[in-house]
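Q: Predicted structure and sequence below. I'll ask about it afterward.
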Amino acid sequence: MNIEDMDVERIQAKAETVSDLMKVLSSKNRLMILCQLVDGEAKVGELASRLGLRDQAMSQQLALLRKDGLVQTRREGQMIFYSLADENTKRLLGSIYEIFCDDETADGPGC
């Protein structure tokens with residue numbers, strides 16, 4: 001997309017939503033949780049172990065992500081599985097990865 005082709009009125013209509021999303025993603029822990037869920041669902045303990053967080057801290061972060069509509073849950077007995085709530089979240093994370101982490105296209109600080 002060419003920056004000159006952007007529809008400013010459409011952007012203004014979505015500015016608050018985008019701003020709120022960026023606030024959620026500004027937390028390193030929440031961003032890393034979402035990245036862990038790109039490949040599929042996981043339980044609290046699995047995510048906590050992968051990211052070096054306590055289960056309680058992980059549960060709090062997941063609750064915020066769920067409240068903001070970025071993750072969803074599925075219950076199987078007493079276990080709760082978390083996954084990305086929609087394809088747009090996955091696409092956004094893919095774009096972030098491509099910009100900042102993909103060695104061939106990274107213009108950002110890299111991973």
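A: That came through, no problem. Residues are numbered from 1 along each chain as shown.

Q: center of this protein - which residue?
A: Within the chain, the residue whose C-alpha comes closest to the C-alpha centroid is Leu34; the distance, by Cα atoms, centre = their mean, is 3.6 Å.

Q: Quickly find the element holding it.
A: For Leu34, the enclosing helix or strand under DSSP states H and E is helix 28-36.

Q: So for that helix, what gets flagged as buried?
A: Residues of helix 28-36 classed as buried: 29-30, 32-34, 36 (neighbour count, 16 or more other Cβ atoms under 10 Å). The C-beta positions use only the backbone N, C-alpha and C, and glycine is treated the same way.

Q: try stretch 84-100
A: Neighbour-count burial for stretch 84-100 [16+ other Cβ under 10 Å]: 84-85, 89-90, 92-93.

Q: before we move on, the earlier item: contacts for whatever helix or strand comes next after the helix holding Leu34, please.
A: Per DSSP H and E, the first helix or strand lying C-terminal to helix 28-36 is strand 42-43. Defining contact as Cβ atoms under 8 Å, 6 or more residues apart in numbering, one finds that strand 42-43 is touched by 36, 50, 79-83.

Q: Lovely, talk soon.
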